[in-house]
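got a structure for you, letters missing:
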């Protein structure tokens, strides 16, 4: 059965109308999923402009609404939406840093993604950006907010850490052992991914999408492919859609298992960490049999999917028993449970206001899952979205443990009737839609949360703009909120329970 | 006595190696081998010494002081023989004070680095130490009551001649309290996790993060020796059988062998137990240590009532 096609609306509006339209959409239950800026050349239908697309989504039923506004390319300005949508305010800061679009009336007009040493006035996404310039006079100081008072001291950590993790600087203001304020300054990993997409063919864009965040190869590749297929009008057969959903669940499984074990290791219960690693290794070997790559690269292709093998039921059942026994042992251990309970609680109201996604939102009582709102295929009764209301490390642990269970059930359900081999849809009849700029949106529930990718294709079929929004971009601001009143030695545990991506966050 | 010090110095890294190996095997890993801590020490000793900018004498002196106090404690404590030249000075209070001196020296060094981690580790270590030292004192006091002396050699030989004392409620309670205190003092689970790389959760390791090369080798050797000495003391107090009461070489040799077996056994049991433990939340550690203090207090009370009739 085909999932019902999404309701799509694209509206060109005047800049002044933007806040009013946004209020209407947000009140109607939409969320701001992505904001992307585009340089329209002089040959575009409305002439040279800096076009900003606000994408609002909601579901079910699967609804996507785009608002396009055109700004003066020589002095781009935009009324801010920061007071309506927290993620909106962050997207605006990102656009200002990369494009130089000024959000008027923004409550926090600091740089966000801009690296400290980029020279003033250099915007990497501008068509005139050219080669990366050497470090020069920065955009101006951006001091850390200093917490004052008796006995307050600061602990600076990173950006280089003791473990094999990505760079990020954390500044704790602490009294005794209690965290009063945490400032996470990330953005040390700008790789220019969005710029690298420009001008590639859709096939050559796929490997890049797979590498946006190494642990989310399927999620990002699939969001990219869905967007490209919508833009190019490619029909994907039912079997390929099922195969894609299957790959997505396999990715969720190996990441959830690794993190469930890592949470146990972080409280000093290493034996469960070791066993989770063993199970993860079995899953990675299964991944290699299924796609030829341990992290599932190459499984999703434009127009379809390519499976080398289909996982068998008995094997998945054995893995499931293993995972459940590790989870049971962890929850049955009094010290482990005590460490998890009540640590780094994220209230539901904060999660809603910050626009949290994925298991972070679901552990704080919000039902947010793109598999419900924007389904890839018919999931049947096997899809069960676990929600907990605690908001603490325990709730995130439980949500992920239960999601692993759901993923196992879904893998069994989706594998039925699938055969190994490549299954891809036909490209559209030649000549259809050629010449015009075509756009598409892909929405996928990756293991961290909802990934949204928006793609524009030029007349010749090459990529002109790809914007990917990883759930980490939405969830990072929740970490400092959850850590208020947590003690310093619990930070690594809380951080692991969020496990946000640095690479996916900072493209 | 010299033999005892030499045995502690040489055996301490092996004990740590043994504990790591036991743990690795129980977790299904191959492990690095029992001699790995010695290889690590050799590697560190060959490195060039580095002192961070802005550090003073406290930072430089601490590793030496730590090892020196531990060597003195190793000489004083009756591990292999109760009849040693230093036997007269192996006073309980002196031993605890020497251990505390080493801890304080290292905490001062942590503060001396001026880094957030040094200060954080030092503050945590002192919190733990402030709760541990009284427990050790009180526990051994309880054991000292029957012999009427705070001299450790007298206590141990008393236990040797009158084994009923060890199985008395006071003896058992004091041994339990001492065991918990030893875990905390040596930075083992569930108080501290010696295997973590997460600097924000560390207690002992955070304090010594700035050490490198030969200084780090001394700090590690000091920590390993403290573990060996404290486990040895626990073994001598709780199971003194085999300890030489004379200074004759064959008796001492046999006693050293038995000591090695007892400490290795204790270490292996501890390592095996650690596999099943997790680290307590930092704010729960005082509860654990208060519990062990209470046990020690009960031991003193019990020994007062049970021997005072």
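Structure received. This is a predicted model, so every value here is computed, not measured.

switch to C-alpha atoms for all contacts and neighbour counts from now on
Fine.

how about the helices in chain B?
B:2-26, B:36-46, B:57-76, B:92-112, B:116-144, B:152-161, B:164-167, B:169-185, B:204-207, B:213-238, B:249-276, B:285-307 (DSSP state H).

apart from its neighbours in sequence, what residue is nearest residue A:285?
residue A:294 (6.2 Å; C-alpha to C-alpha, 6 or more residues apart in numbering or on different chains).

tell me which element that neighbour is part of?
Using DSSP states H and E, residue A:294 sits within no helix or strand.

ok, it - contacts?
Applying C-alpha atoms under 8 Å, 6 or more residues apart in numbering or on different chains to residue A:294 gives the contacts A:284-288.

and residue A:5, how many neighbours does it have?
By other C-alpha atoms under 10 Å in any protein chain shown, 11 other residues sit near residue A:5.

now it: closest residue in space that isn't a chain neighbour?
Closest to residue A:5 by C-alpha to C-alpha, 6+ apart is residue A:62, at 7.6 Å.

which phi and psi does the one you found have?
phi -60, psi 110 (degrees, to the nearest 10).

cool, the one 3 residues further on as well?
Here the main-chain torsion angles of residue A:65 (degrees, to the nearest 10) amount to phi -120, psi 130.

tell me the confidence at it?
Per-residue pLDDT puts residue A:65 at 92.

just checking, it touches residue A:10?
Yes: taking C-alpha atoms under 8 Å as the definition, residue A:65 is a contact partner of residue A:10 at 6.0 Å.

the more surrounded of the two?
Using other C-alpha under 10 Å, the more surrounded residue of residue A:65 and residue A:10 is residue A:65, with 19 against 13.

show me what the more buried one is bridged to.
residue A:9, residue A:56 (DSSP bridges).

tell me the contacts of the residue nearest to residue A:5?
A:5-7, A:373-375.

list the contacts for residue 90?
Let's take chain A. A:82, A:112.

chain B is the one I meant
B:76-78, B:151-153 are the contacts of residue B:90 under C-alpha under 8 Å, 6+ apart.

which one is it nearest to, not counting chain neighbours?
residue B:76 (4.8 Å).

count of neighbours near the nearest residue to residue A:503 once chain neighbours are set aside?
Excluding the flanking residues, the one nearest residue A:503 by C-alpha to C-alpha, 6+ apart is residue A:213, at 5.5 Å. For residue A:213, the neighbour count with other C-alpha under 10 Å is 20.

which residues in the stretch 201-350 of chain A form strands?
A:300-301, A:304-307 (DSSP state E, counting those that start in this stretch).

and the shortest one, what does it pack onto?
So that's strand A:300-301. Contacts defined by 3 or more C-alpha pairs under 8 Å, 6 or more residues apart in numbering or on different chains; DSSP states H and E place strand A:300-301 against helix A:217-232.

elements contacting the helix it packs on?
helix A:202-210, helix A:238-266, strand A:300-301, strand A:438-445, strand A:450-457.

the ones you listed: which one's closest to residue A:91?
Nearest of the helices and strands packed on helix A:217-232 to residue A:91, taken as C-alpha to C-alpha: strand A:450-457 at 13.4 Å.

give the pairing partners of the closest one; include direction for each.
Here, using DSSP bridges, strand A:450-457 pairs with strand A:438-445 (antiparallel), strand A:463-469 (antiparallel).

what's the angle from that strand to helix A:202-210?
Interaxial angle of strand A:450-457 relative to helix A:202-210 (axes from the mean of the first three to the mean of the last three C-alpha atoms, to 10 degrees): 150 degrees.

what angle do strand A:450-457 and helix A:217-232 make?
40 degrees.

ok, and the closest non-adjacent residue to the closest residue to chain B within the stretch 351-500 of chain A?
Among all residues of the stretch 351-500 of chain A, residue A:489 sits closest to chain B, at 4.1 Å; criterion: C-alpha to the nearest C-alpha. Leaving aside its sequence neighbours, residue A:489 sits nearest to residue B:201 (C-alpha to C-alpha, 6+ apart; 4.1 Å).

tell me the SS of the spatially closest residue to residue A:306 that is not a sequence neighbour?
Nearest residue to residue A:306 in three dimensions, chain neighbours excluded: residue A:422, at 4.2 Å (C-alpha to C-alpha, 6+ apart). Here residue A:422 takes the strand state, with states given by DSSP: H, G, I helix; E, B strand; the rest coil.
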